[in-house]
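# Below: sequence and its predicted model.
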Amino acid sequence: MIAGMSTAAFTQLHVLISLVGILSGLIVLAGMWSAKRLPGWTALYLSTTVLTSVTGFLFHSKAFGPPHVFGVISLAVLAVTIVALYKYRLMGASRWIYVVGAVLALYLNAFVAVVQAFQKVSFLKPLAPTGSEPPFAIA
């Protein structure tokens, strides 16, 4: 049990939050490319990406490992990104800090999703059983 849910249910919730974060992040990225601020999508992206990292820490683990390192890095990047957007309102250097942070957080979230897919999805696992094979590197 995790947070009052079965591990399977919590995992599904975590994955759903992560996918919403990635999808909304892609929409925010498209908005950046077209110089459009999308405040609703941005809030959804940032909040679900924070939730993805936070819920990732709730999974049972025997030791601090690479997923935890990615979570800490992601949360640190998101903290700076959120401050640049909401406190400094993208004035001066906070504009590029926000853009770099938002894109980096999306990359980290997508990278973890690809790693997890190759580890957990039955038809992908044989393509890269150790995580160093070409299909994994290409993805």
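Structure received.
# Please work out which residues outside the helix or strand hosting Ser74 touch it.
Remark: Ser74 resides in helix 66-82, with elements defined by DSSP states H and E. With contact meaning Cβ atoms under 8 Å, 6 or more residues apart in numbering, helix 66-82 is reached by 46, 49-50, 52-54, 56-57, 61, 97-98, 101-102, 104-105, 108-109, 111-112. Yep, even glycine has a C-beta here, placed from its N, CA and C like the rest.
# which of those count as buried?
Neighbour counting by 16 or more other Cβ atoms under 10 Å classes 46, 49-50, 52-53, 56, 97-98, 101-102, 104-105, 108-109, 112 among the contacts of helix 66-82 as buried.
# Any figure for the gap between the closest residue to Met5 other than its chain neighbours and Ser53?
Leaving aside its chain neighbours, Met5 sits nearest to Leu13 (7.0 Å; criterion: Cβ to Cβ, 6 or more residues apart in numbering). Between Leu13 and Ser53 the distance, using Cβ to Cβ, to the nearest Å, works out to 14 Å.
# give the contact list for the residue nearest the centre of the chain.
Centroid-nearest residue in the chain: Asn109, 2.5 Å away (criterion: Cα atoms, centre = their mean). Asn109 makes contacts with 18, 21-22, 25, 49, 52, 74, as judged by Cβ under 8 Å, 6+ apart.
# cutoff 6 Å now
Asn109 makes contact with 21-22, 49, according to Cβ atoms under 6 Å, 6 or more residues apart in numbering.
# The helix or strand containing it vs helix 66-82, what angle?
Asn109 is located in helix 94-120, with elements delineated by DSSP H and E. Note on geometry: by axes from the mean of the first three to the mean of the last three Cα atoms, to 10 degrees, helix 94-120 and helix 66-82 are set 160 degrees apart in direction.
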